[in-house]
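A.B. asks: Fold the following and give me the result.
(2 chains)
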Amino acid sequence: MNTLKVIYKNLKGSRVSTIFNFIGLITAFSAFILIMQYVWTEYNFDSYHEDAENIYRFEIKAPDKEKNSVYMSGPTKDVIAEQLPEVVATTTYMPWGKWNEIIFEWEVDGTKQRSYEDYAIADKDLTEVFTFDFIHSNSTKPLSEPNTAIVSEAFAEKLWGTHDVVGKTFKTGDEEYSVTAVFRTPPKNSLFNEPVILSFPTTGWIADSYKTWGIVNFPEFVKVKSGTIASEFQARINEIDILKEKYHFYNKGNERFTIIARPLTDLRFAKNVAENPLFNTNNKSSVDTLFAVGLFILIIALLNYINFATATLPKRMKNIGVTRILGNDRRRIFVTTILESVLVSALSFLVALIIANSINNQFGIKFFEYSLDFKASVLVLLIMFAVAIIIGIVGALFPAYSSIKVAPMDAVKKRHSIARQTSRGWLTVVQFTATILLIAMSVLTVKQVEYMKKTSLGFDKEDVMVIYPTVDLLSNLETFKSELMQNPMVESVSLSSGVPGIPSNMEGFGFNDETIQTWLWYVDSEYMDMMNFNLLEGRGFLKDSEAEIASIIINEAAKKEFGLELGSTLMKYDDEGNPMPFHVVGVVEDFNFSSLRENVDPFVFRYHPGTFVLMSWVNVKLSGENTRAAVDYIAQVYDKISPDEPMRHYFLDDKLNLLYAKEDRQVGMISLFSMLSLIISVLGILGLSIFTSQYRTKEIGIRKINGATVGEILALLNKSFVKWIVIAFIVATPLAYLAMNKWLENFAYKTALSWWIFALAGLIALLVALLTVSWQSWRAASRNPVEALRYE
Amino acid sequence: MSKNTTIMITLKHISKYYDSKFQRTFVLRNINLEVKEGEFLTIMGPSGSGKSTLLNIIGMLDYPSEGEYWLYDTDVVQLNEKSRGKYHRDFIGFIFQAYHLIEEMTVYENIETPLIYKGVKQKERQAMVADLLDRFGIVAKQDLFPQQLSGGQQQLVGIARAIVGKPQLLLADEPTGNLHSKQGIMIMETLKELHKEGMTIIQVTHNDKFATYGDRIIQLEDGMIQ
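C.D. replies: Numbers count the residues shown, from 1 in each chain, chains lettered A, B, ... in the order given. Below is the predicted model of the structure:
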């Protein structure tokens, strides 16, 4: 108890450094907790599945493409399962709600309910490959019957207010599904987190395309026997003759497509996979960088802590000396010093935990894509707490040892050298190197995101409203169109099977006895005009011409990669095997139909009259004036035609900006941590400047008496700090340059690495440092020299 | 050098006090004093009698609470920080009991410091410092640091630093307080020399013997001139 009292008095006695220590440690621990929780979560994506290490996803690697596709031909997995004995189970999992949520209808107490929901489609073997924690279930293979569904606990609660919902039914479109099992909601760090999974359709176009080799559309997974070596497994897959034949698409230089088996636990950090909304990836190197930043912040905070403890030491030494003369023993002093530090550290950690938690609650989704689940990683928290305690001990060792090393009388008379340790410039250099690096990085990320949002994509994205199709709307499209066109605020209405930003649907064509794979959208005759694609050669689609069904328009990439030109003929075969030739009638300039992270792939527009069977988006180009009124008008017309489902729409430019949500998050995260780093560095430099000016009090006084002005003293005290910041700038610039280049590699289209980014970062750091130091220096410089000399 | 009768310093009803909640504590009380150009004044008095405070006020390091302080025809009380700094650079030199040398600087650098603040060019500075080193016989010590010198030598450096800028007024706060008598005599002899050359000197001392080096002695007790 007495010890606690002594500690309390010590802390109160050196109030300034106590406050700085708390601020520094709390800031650092908050950052550390958030970062470590995030890193841990990212590294454990989908690790909860049993035998996670034996589960793989198939991907197709084209010979001359950097990025693999996750879309396989339906029969692939069955062929592999048949031919390779190490396969335990295979499944197809299609989280298609990520493309487009669909409307669900169900009943609660006799009342009809409807809402748009995220969903996936999977075959019966899903539960053989992936682990589901079923709370209720009527079968070991709950998706084996047609029109069945398994739902998450949260989804069941949402729809029916209870989780015991086996046997309940709901409808999507014309299909009715019966719930056969309820599973515990999977952790947030899972790519398999759709709330409802529908059994695979047995009829219709999905079922049909699933059976053909020509359509590559299906994410497929496999579980193998433990002990299977991934590379050998993959090699054996690529030796299967049927696959060799079927995946023998367009082959410049006779190279064949390769099938890749990617371990489940690598999916999150998969690098060379073409962007798709189904499986959100993250950049491993940025997670690793963040981990390093976390450790770094911690080390810096520790150094600051030691620095402060040392800075206040001379003042304390005298008291310690006096108590020793009065009979206090060295061991007690040592233990008290350590205990004090551990208490400060532990208390800071607890406060930091509260702060980290509220930052997570407020901004988790903004920064991390999901809010972190602290409860799921209590062990990680405990380890971090232990780290905090260790920091407390380590931070106190030097001051504790120094304070008992000096003989008591020397301590009282200040005959010791502790006050002389002023050469801590390297600490400032390290801190500000990190700060400048982080500031530069956040400026660059902002710049890149702005660049991506503002770059011309090769079409007009402004004032295009995209309406989700409904059956009623598509069957009355002409009426809808003509009514809309009566309003001068509507410029044109068109249909397309894809929308920029969502690279959907790849198809194969025969060309010169080979199969070429290309992105393909069906569009009507107005779409290309509406979007203002730049036609380089040939013509656009003719209006209301039956013959146009055989016409296609390609992009430059297709022209270049496959050697297509105006008049080239591509072949397709219908269900009976009859040839259907397509002629290239136009070439458009490459446009970015997916994010600017990706290069432009070969692309084909196919003319389709009327409405399409598949997904058709209704695009409405507005005049751009009074958008609000235009939307209201369109909604009115829509409600007359499709009264059962409320209109869902978005504006193309908004949606395209959302493509950069990942980068927006990075901007948020990097800005947050550069701010924290700045705070910690400022504390460090503040401590140092207090330390310095305390130590130089007498010198400052003498200089003033000898005629130095406040300005001259300020310059004297600030000079060394400026020197350190300049060194930090010199060290940080090449590091920042390398880091930025590395980060920009993630993008096919990059902003310029302008010199001013570095200059700005350096200037901000210098300015903040100068303000901080000057505050302290000014206090020292404007002090009455008489006092300063009396202090001696 | 013949004695001049021009009055350099005039203090009228100078008081210095500190107010606490219930009482006012006087350090100096109604001091009236004139110091002529070229005078060597000794201020004596027991500990806490206000000697140093008076010296600090004269040296413009402290402000009086009341009263007038005229330096020739300048009203010192009205001077701002900047003008005071100018006087420190050009007019006043200080010597302290504890020498107050900058420990990280060599003897040479310590003496040179005031000249830097005065804006004297380097060539000139070299000559001026060399002059003083020579005069005080410490040329051999110029590259040493203060802690490598004896107390008397340190105080010599202190005096050298105080007069290198050729001040007209030299203020010495117990310059021999930390020295044994032999070194004390040496320092007092040096001050006497400077006085002879025409410098106005005000010293504070405890030492009766050293007090007599001055032309005039005033006794301070409880903040008042006796």
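
A.B. asks: Let me know how buried residue 95 is, in neighbour terms.
C.D. replies: Using chain A. Residues lying near residue A:95 (other C-beta atoms under 10 Å in any protein chain shown) number 21. For glycine as for every other residue, the C-beta is placed from the backbone atoms N, C-alpha and C.

A.B. asks: try again with chain B
C.D. replies: Residue B:95, neighbours per other C-beta under 10 Å, totals 25.

A.B. asks: now it, nearest residue through space, not along the chain?
C.D. replies: residue B:172 (4.2 Å; C-beta to C-beta, 6 or more residues apart in numbering or on different chains).

A.B. asks: Now do the contacts for the one you found.
C.D. replies: B:94-95, B:191, B:201-204 (C-beta atoms under 8 Å, 6 or more residues apart in numbering or on different chains).

A.B. asks: and the next element down the chain from the strand or helix carrying it?
C.D. replies: Under the criterion of DSSP states H and E, residue B:172 resides in strand B:169-173. Toward the C-terminus, strand B:169-173 is succeeded by helix B:181-196 as the next helix or strand (DSSP H and E).

A.B. asks: got a list of contacts for that next one?
C.D. replies: B:1, B:38, B:40, B:136, B:150-152, B:155-156, B:159, B:163, B:170, B:172, B:175-176, B:179, B:201, B:203, B:207, B:210, B:213.

A.B. asks: So which of those are in helices?
C.D. replies: When the contacts of helix B:181-196 are checked against helices (DSSP state H), the matches are B:151-152, B:155-156, B:159, B:163, B:210.

A.B. asks: quick revisit: buried members of the contacts of helix B:181-196 into PyMOL, please.
C.D. replies: Filtering the contacts of helix B:181-196 down to the buried ones (16 or more other C-beta atoms under 10 Å in any protein chain shown) takes a single PyMOL command:
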select buried, chain B and resi 38+40+136+151+152+155+156+159+163+170+172+175+176+179+201+203+207+210+213
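
A.B. asks: of all the contacts of residue B:172, which comes closest to chain A?
C.D. replies: residue B:94 (5.2 Å; C-beta to the nearest C-beta).

A.B. asks: That closest one bridge partners, please.
C.D. replies: Under DSSP bridges, the beta-bridge partners of residue B:94 are residue B:171.

A.B. asks: How many residues are close by the closest residue to chain B within the stretch 201-350 of chain A?
C.D. replies: Nearest residue of the stretch 201-350 of chain A to chain B (C-beta to the nearest C-beta) works out as residue A:314 at 15.2 Å. By the criterion of other C-beta under 10 Å, residue A:314 has 17 neighbours.

A.B. asks: do the same with residue A:709
C.D. replies: Residue A:709, neighbours per other C-beta under 10 Å, totals 19.

A.B. asks: got the contact list for it?
C.D. replies: Residue A:709 makes contact with B:82, B:85, B:117, according to C-beta under 8 Å, 6+ apart.

A.B. asks: which residue is nearest the middle of chain B?
C.D. replies: residue B:171 (1.4 Å; C-alpha atoms, centre = their mean).

A.B. asks: Help me confirm that that one comes into contact with residue B:96.
C.D. replies: No. Look at residue B:171 against residue B:96 with C-beta atoms under 8 Å: they stay out of range, at 9.4 Å.

A.B. asks: Tell me how many other residues surround the closest residue to residue B:69 other than its chain neighbours.
C.D. replies: Excluding its sequence neighbours, the residue lying closest to residue B:69 (C-beta to C-beta, 6+ apart) is residue B:76, at 4.2 Å. When neighbours are defined as other C-beta under 10 Å, residue B:76 has 21 of them.

A.B. asks: so who does residue B:76 touch?
C.D. replies: B:60, B:69-70.

A.B. asks: repeat for residue A:51
C.D. replies: A:223, A:226.

A.B. asks: next one: residue A:92
C.D. replies: Residue A:92 touches A:74, A:77, A:121-123, A:200, A:210, A:218-221, counting by C-beta under 8 Å, 6+ apart.

A.B. asks: Could I get the phi/psi values of it?
C.D. replies: When read as degrees, to the nearest 10, the backbone of residue A:92 gives phi -110, psi 130.

A.B. asks: ok, what's across the strand from it?
C.D. replies: Here residue A:92, judged by DSSP bridges, has bridge partners residue A:220.

A.B. asks: quick one: pLDDT of it?
C.D. replies: At residue A:92, the model reports a pLDDT of 93.

A.B. asks: Go through the helices and strands of chain A and name the one with the lowest mean pLDDT.
C.D. replies: helix A:408-412 (a mean of 63; mean pLDDT, DSSP states H and E).
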